[in-house]
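Engineer: structure of the sequence below:
(one chain, ligands or ions: 1)
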Amino acid sequence: MAFALTDPEHGYYTTQQPFGRSGDFITAPEVSQLFGEMIAVWCVEQWQKLGCPNAFVLAELGGGKGTLMADVLRTTRKIAPAFFAAATLAMVEISPILQAAQQQALQPFAKGQWHTTIDSIPQDTPLLLFANEFFDALPIEQYIKTAEGWHERGVDTTGFVAGAPVTPPALFLDAPEGSILEHSPATTAIFTQLCERLQNQKGAMLIIDYGYADHALGDTLQAVKNHQYVPVLENVGKADITAHVNFAALEDIAVEKKLSPTLSTQRDFLHQYGITTRLAGLLKNAAAAQQEELMSQYQRLVGVEGMGALFKVLCVSGGSRF
Ligand code: SAH
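Structural biologist: Numbering: from 1, shown residues only. Here you go, the predicted model:
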């Protein structure tokens, strides 16, 4: 999965620009500016909770085309100029093509430092960080229950095969044959480091992705090309491969690190941060055709059959050293 997505020569993200109507999939910030505006409100709220520090790091992981950060900067410059002035920008992006797209999108704000991993995000001030559809792109391991017990699921030239035996968490010891369990060591490692950053630097993070709220069995590995699902082992490097995020596992890590996680659906989060008020404001100044488009974008973001329920928002805050 890591090779298929991020190999410098053959990787999906590293060799093409996959977003938008003409690309393979559309993400929430590409659906509507309303999404980034609500993230901006969250950022300002968290900054206020920190006591409005006059220097902090505003970081994004996997910023795609840069649309979300551009919306956040545009909005905060307007609603909270002191926040905007205090922010040092850190964009973590592995793809040179997408780094270039982000640099272009953020040029009007005259801010920005690019990093390929989270390690070089500055450590000397509080950290506010968000990531939309980043963790779903990190590689997972799968385990399968066979007649002989649990095995790692591997891939060879014939397709998926059972690999080395493994011991699953006690919860799933008695799962029926054929059950699949997923775990993402990369997600665990990055998320744990981010929690440690929040402990030391103080601050908050917002993780938005499709995923599940309870530890569960199931095969969520999927590939998408041209807005269609395709077999995972075909079109390697040409299709977007993702897996659902195990938010229960992330909450467990945050609690273990003595931070406060809150999980909501994207629908509830966007409503909590005022999307309907902002929508009403935009509708008032829009022509009829535009109004229809705004309504359908809003529905797509919050609708239960759209992104509203499958997408979850995990807010983690805390840290006490400062
Ligand atoms: N957040 C954007 C894009 C989501 S796609 C949006 O909502 O539109 C996933 C993003 O994560 C891409 O920008 C991809 O290049 C980046 N990415 C994937 N794996 C990464 C890794 N290991 N390190 C850094 N960035 C990565």
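Engineer: state the helix or strand in which whatever residue of the stretch 151-300 of the chain ends up closest to the ligand lies.
Structural biologist: Closest to the ligand within the stretch 151-300 of the chain is residue 186: 7.3 Å, counting by CB to the nearest ligand atom. Glycine gets a C-beta too; all of them are placed from N, C-alpha and C. Assigning secondary structure by DSSP states H and E places residue 186 in helix 185-201.
Engineer: and the next helix or strand after that helix, average pLDDT?
Structural biologist: Using DSSP H and E, the helix or strand that directly follows helix 185-201 along the chain is strand 203-212. Here strand 203-212 scores 97 as its mean pLDDT.
Engineer: could you dump stretch 285-299 to PDB, C-alpha only?
Structural biologist: Listed in PDB are the C-alpha atoms of stretch 285-299, where the atom choice follows Å, rounded to 0.1, in the frame of the first residue of the first chain:
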ATOM      1  CA  ASN A 285     -26.400  36.900  -1.600                       C
ATOM      2  CA  ALA A 286     -26.600  34.100  -4.200                       C
ATOM      3  CA  ALA A 287     -28.600  33.900  -7.500                       C
ATOM      4  CA  ALA A 288     -31.100  31.000  -7.800                       C
ATOM      5  CA  ALA A 289     -28.800  28.600  -9.600                       C
ATOM      6  CA  GLN A 290     -26.000  29.300  -7.100                       C
ATOM      7  CA  GLN A 291     -28.500  28.700  -4.200                       C
ATOM      8  CA  GLU A 292     -29.300  25.300  -5.600                       C
ATOM      9  CA  GLU A 293     -25.600  24.400  -5.900                       C
ATOM     10  CA  LEU A 294     -24.900  25.600  -2.300                       C
ATOM     11  CA  MET A 295     -27.700  23.500  -1.000                       C
ATOM     12  CA  SER A 296     -26.500  20.400  -2.800                       C
ATOM     13  CA  GLN A 297     -22.900  21.000  -1.500                       C
ATOM     14  CA  TYR A 298     -24.200  21.400   2.000                       C
ATOM     15  CA  GLN A 299     -26.200  18.200   1.700                       C
END
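Engineer: quick one: mean pLDDT for that stretch?
Structural biologist: Stretch 285-299 carries an average pLDDT of 96.
Engineer: quick check, residue 130 in contact with residue 205.
Structural biologist: Yes. Shown here, residue 130 and residue 205 form a contact pair, counting by CB atoms under 8 Å, at 6.7 Å.
Engineer: what about the strands in the stretch 51-200 of the chain?
Structural biologist: Under the criterion DSSP state E, counting those that start in this stretch, strands of the stretch 51-200 of the chain are mapped to 56-61, 87-92, 114-115, 127-132, 141-146, 149-156, 159-165, 180-183.
Engineer: tilt between the longest one and strand 141-146?
Structural biologist: The one in question is strand 149-156. Here strand 149-156 runs at an angle of 120 degrees relative to strand 141-146 (axes from the mean of the first three to the mean of the last three CA atoms, to 10 degrees).
Engineer: okay, now the sheet partners of strand 149-156, with direction.
Structural biologist: Under the criterion DSSP bridges, strand 149-156 sits next to strand 141-146 (antiparallel), strand 159-165 (antiparallel) in its sheet.
Engineer: turn the ones you listed into TSV, columns for mean pLDDT.
Structural biologist: Formatted as TSV, the strands paired with strand 149-156 follow (pLDDT from 0 to 100):
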stretch	mean pLDDT
strand 141-146	96
strand 159-165	94
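Engineer: ranking those strands by burial, who's on top?
Structural biologist: strand 141-146 (a mean of 20; mean count of other CB atoms under 10 Å).
Engineer: I'm done for today, thanks for sticking with me.
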